[in-house]
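In: What would the 3D arrangement of this be:
(one chain, ligands or ions: 1)
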Amino acid sequence: MTRANGSTFPGPEFWRAFADERFALPRCSACGAWQSYGARACAACDSGDLEWRDASGGGSVYSLMERHAGADAARVLYVVVLRLDEGPLVMGAAYALPGALRPGARASALAGEAAVEGLPLFEVAPETA
Ligand SMILES: [Zn+2]
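Out: Model prediction:
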């Protein structure tokens with residue numbers, strides 16, 4: 001079932017897996033290439049034969065937007081685009097210290113956690129690690 005309002009983005013298959021502490025993405029059955037959320041056809045070979053498979057949930061921050069600070073401003077919510085280790089770019093949410101998050105930082109999906117502003121939550125590794 002598809003919802004026009006987008007409230008279930010990245011889709012019910014994704015959230016079922018995420019609630020089960022798995023990070024799933026569409027993968028092409030024809031050539032094996034991983035796809036971003038919402039793909040209807042393979043970006044590599046154009047096959048429409050995609051199935052949801054478990055991915056690592058790891059990647060690096062590709063771009064980011066500071067969303068807002070909490071009441072104590074100790075942590076800021078970022079909307080991030082991540083380059084996953086499997087290749088696709090995906091959107092997510094992450095908390096970090098104000099101004100501390102940079103492109104290239106390592107991130108991993110916090111599968112099992114609740115969505116933040118409709119996005120899957122990622123944990124960002126400290127830059128000093
Ligand atoms: Zn393919």
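
In: Output the lowest mean pLDDT helix or strand found in this protein.
Out: When each helix and strand of the chain is scored by mean pLDDT, DSSP states H and E, strand 58-69 comes last, with a mean of 91.

In: Mind checking what helix or strand follows that strand in sequence?
Out: Downstream of strand 58-69, the first helix or strand assigned by DSSP states H and E is strand 76-84.

In: Hey, what's the angle from that next one to strand 58-69? Just curious.
Out: Counting by axes from the mean of the first three to the mean of the last three C-alpha atoms, to 10 degrees, strand 76-84 lies at 160 degrees to strand 58-69.

In: So what's the residue count around the closest residue to Y37 other than its chain neighbours?
Out: Leaving aside its sequence neighbours, Y37 sits nearest to P10 (C-beta to C-beta, 6 or more residues apart in numbering; 3.2 Å). For every residue, glycine as well, the C-beta is placed using N, CA and C. By other C-beta atoms under 10 Å, the residues close to P10 number 22.

In: before we move on, the earlier item: direction included, what does the least confident helix or strand of the chain pair against?
Out: Partners of strand 58-69 in the sheet, by DSSP bridges, are strand 76-84 (antiparallel), strand 106-109 (antiparallel).

In: how deep is the spatially closest residue to A96 that is not a sequence neighbour tucked in, by neighbour count?
Out: Among residues not flanking A96 along the chain, V124 sits closest, at 5.3 Å (C-beta to C-beta, 6+ apart). V124 has 23 neighbours, counted by other C-beta under 10 Å.

In: Give the buried residues for the least confident helix or strand of the chain.
Out: Neighbour counts over strand 58-69 (16 or more other C-beta atoms under 10 Å) mark 58-62, 64 as buried.
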